[in-house]
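# Below is the sequence, then the predicted model.
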Amino acid sequence: MYKLAVAGTGYVGLVAGVCFAEKGHQVTCVDVDEDKVALMKSGVSPIYEADLEELMQKNHAAGRIDYTTDYKAAYRDADAIFIGVGTPEQPDGSANLSYIATVARQIAESIEKDCLVVVKSTVPVGTNDKVEQFIQDFLVNNVRVEVASNPEFLAQGSAVHDTLHAERIIIGTESEWAEAMLKEIYAPFYLPIVSVNRRSAEMIKYASNDFLALKISYMNDIANLCELLGADIQDVAKGMSYDERIGSKFLNAGIGFGGSCFPKDTKALEYIAKQNGYELKTVKAAIEVNKEQKTMLYKKASKRLITFNGLKVAVLGLTFKPGTDDLREAASLENVPVLLAQGANIYAYDPVGADRFAKEFPEGQIDKGTITYVSDIEEALANANVCFIFTEWGEVKAVLPHKYRELMRTPLVFDGRNIYSVQDMQDAGVEYHSIGRPSVT
Ligand code: NAD
């Protein structure tokens, strides 16, 4: 078993650290955020992920995981250091590598024995080469240090499960030493390992994410065409899904992809291509379709209503997808401000994301409208003039169609996630508009 350190305790770093501990390694998780570290030390997860808190407590009690802001102590004698800090998008679409650079420098100043540095964060192709050089440039002690790429493929909402049961582990190394050590670290997971060089590993991450983003944008494009032609995207997707070459996943049309990965990773790869004199036309198209898609529902609703001014607007779901408290690039962030600017009185429901959303949009008057957070969906719907569904939470799906008719002042629903059958809404007497399917008017 190895002594590991993990830099960054976000969705990737914390989940990786906890799962390494669960598999028997000795893990120290490092973060610069003191509040986060204090929370984790007390057994509380700073992020919402199924099973995470339970495993944190179990492995902490077993003495296999600890949390600190003292990076020197954590990195000094680690066999391997995994980097899971953020690589957010910059205004020009490129990835911000400043957090990676800071960690690299901290590692260079701290390590006192041979060490493998493993980059889990999503970074542009060639970054690992630079990180290795950077560490060597700032190295204080005479030790061997190598950098390996080990991109992460977990999906938020099922991060622990995805890590423990990953379909593949990608390792990108430039020496047998690094390859052998990473294989040993992952041996207790009993998962398929694909070993390639560092640049290919970096590219596998972008190529995979962007392919999925492309699949979503393609289905949204087709959904928009379905609306014009009277076809139903859900039936179309079902028909397509039987073809094994296409597969059944990522065929759901909706109001576009969000989250911390697809939006930034599509833009980053487009940027990398441009830097290298190449135009990545497919990915560019996926980005454009997604941008338009985010406000598709609002545009539909604007056509149907004269104004939102003074209307009670129920908003169901704020996070970018169910199972997470993450709001990054969520459709709600695009639509709520426009509704508020139009004078809407929003009653927003989200089972886990409301507190975070309220930090950006505090309860009360904003712009010409107001926002109120409710913990009960029925309260949001009561007497509402219109309802928007932005996230397909189980709690939202559980609302029966007739409830919209009974509770709302006018049963007018704009569903960005196609969670209801058109027929059921029609039978319940609800005016229903969704994505890529016939409307009930
Ligand atoms: P995040 O923003 O949730 O977490 C990053 C953490 O790093 C924060 O807690 C921050 O305080 C900490 N940090 C910053 N500087 C630090 C330093 N010098 N030392 C220690 N900690 C430091 O990020 P995330 O969502 O976990 O993503 C991390 C990386 O993984 C990104 O490159 C992302 O693209 C990639 N990724 C994310 C997902 C996902 O679903 N979130 C999936 C696969 C890959």
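Happy to help now that I have it.

# Quick check: which element contains residue 148?
strand 145-149 (DSSP states H and E).

# So what touches the very next helix or strand once past that strand?
Moving toward the C-terminus from strand 145-149, the next helix or strand (DSSP H and E) is helix 159-164. With contacts defined as CB atoms under 8 Å, 6 or more residues apart in numbering, helix 159-164 is touched by 11, 15-16, 18-19, 22, 49-52, 55, 153-155, 189. Every residue, glycine included, has its C-beta placed from N, CA and C.

# Chain neighbours aside, what residue packs nearest to residue 247?
Distance criterion CB to CB, 6 or more residues apart in numbering; nearest residue to residue 247, sequence neighbours excluded, is residue 241 at 7.0 Å.

# do residue 386 as well
Once flanking residues are discounted, residue 386 sits nearest to residue 412: 4.7 Å by CB to CB, 6+ apart.

# ok, the one you found to residue 259 distance?
For residue 412, the distance to residue 259 equals 28 Å [CB to CB, to the nearest Å].

# Ok, residue 66 next?
The gap separating residue 66 from residue 259 is 29 Å, by CB to CB.

# what does residue 311 give?
For residue 311, the distance to residue 259 (CB to CB) stands at 29 Å.

# near the ligand, from the contacts of helix 159-164?
Among the contacts of helix 159-164, the residues lying close to the ligand (CB under 6 Å from any ligand atom) are 11, 154.

# which residue does this protein bring closest to the ligand?
residue 10 (1.9 Å; CB to the nearest ligand atom).

# How is this protein divided into domains?
Domains of the chain are assigned by automatic domain parsing as 3-196, 205-292, 295-433.

# what's the following helix or strand after the strand or helix carrying residue 337?
Assessed by DSSP H and E, residue 337 sits inside helix 331-341. For helix 331-341, the following helix or strand on the C-terminal side (DSSP H and E) is strand 345-349.

# what's near enough to touch residue 146?
116-117, 132, 173-175, 177-178.

# how about JSON lines for these, with neighbour count and secondary structure added?
Putting the contacts of residue 146 into JSON lines (neighbours: other CB atoms under 10 Å; DSSP: H, G, I helix; E, B strand; the rest coil) gives the following:
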{"residue": "116", "neighbour count": "26", "secondary structure": "strand"}
{"residue": "117", "neighbour count": "26", "secondary structure": "strand"}
{"residue": "132", "neighbour count": "19", "secondary structure": "helix"}
{"residue": "173", "neighbour count": "25", "secondary structure": "coil"}
{"residue": "174", "neighbour count": "17", "secondary structure": "coil"}
{"residue": "175", "neighbour count": "12", "secondary structure": "coil"}
{"residue": "177", "neighbour count": "14", "secondary structure": "helix"}
{"residue": "178", "neighbour count": "21", "secondary structure": "helix"}
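
# Could I get these in TSV, plus columns for pLDDT and distance to residue 373?
Shown next, in TSV, are the contacts of residue 146 (pLDDT from 0 to 100; distance: CB to CB, whole Å):
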residue	pLDDT	distance to residue 373
116	98	46
117	98	43
132	98	47
173	98	48
174	98	51
175	97	53
177	98	53
178	98	49
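
# Quick one: those as TSV, columns for distance to residue 125 too.
Listed next are the contacts of residue 146 as TSV, based on distance: CB to CB, whole Å:
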residue	distance to residue 125
116	20
117	17
132	14
173	15
174	14
175	19
177	23
178	18
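
# between these, which is nearest residue 94?
Closest approach to residue 94 among those (CB to CB): residue 132, at 20.4 Å.

# count of neighbours near the closest residue to that closest one other than its chain neighbours?
Sequence neighbours aside, residue 147 is the residue nearest to residue 132 in space, at 3.9 Å (criterion: CB to CB, 6+ apart). Residues contacting residue 147 under the criterion other CB atoms under 10 Å number 28.

# which bits of the stretch 201-350 of the chain sit near the ligand?
In this structure, the stretch 201-350 of the chain approaches the ligand at residues 260-261, judged by CB under 6 Å from any ligand atom.

# where exactly do the strands run in the stretch 201-350 of the chain?
312-316, 345-349 (DSSP state E, counting those that start in this stretch).

# Would you mind saying which of these lies nearest residue 263?
Taking the strands of the stretch 201-350 of the chain one by one with CB to CB, strand 312-316 is closest: 20.7 Å.

# what does the helix holding residue 337 rub up against?
255-256, 258, 294-295, 297-298, 308, 313, 315, 317-320, 327, 346, 348, 357, 360-361, 366-371, 388, 390-391, 416.

# Just want the angle from it to strand 312-316.
170 degrees (axes from the mean of the first three to the mean of the last three CA atoms, to 10 degrees).

# Can I get helix 331-341 in CSV, CA atoms only?
The C-alpha atoms that make up helix 331-341 are tabulated as CSV, following Å, rounded to 0.1, in the frame of the first residue of the first chain:
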residue,chain,number,x,y,z
ALA,A,331,-29.6,26.4,-17.3
SER,A,332,-31.2,28.1,-14.2
LEU,A,333,-28.3,30.6,-14.2
GLU,A,334,-29.2,31.7,-17.7
ASN,A,335,-32.9,31.9,-17.3
VAL,A,336,-33.5,33.2,-13.8
PRO,A,337,-31.8,36.6,-14.3
VAL,A,338,-33.8,37.1,-17.6
LEU,A,339,-37.0,36.3,-15.8
LEU,A,340,-36.2,38.6,-12.9
ALA,A,341,-35.3,41.4,-15.3
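
# Good, wrapping up.
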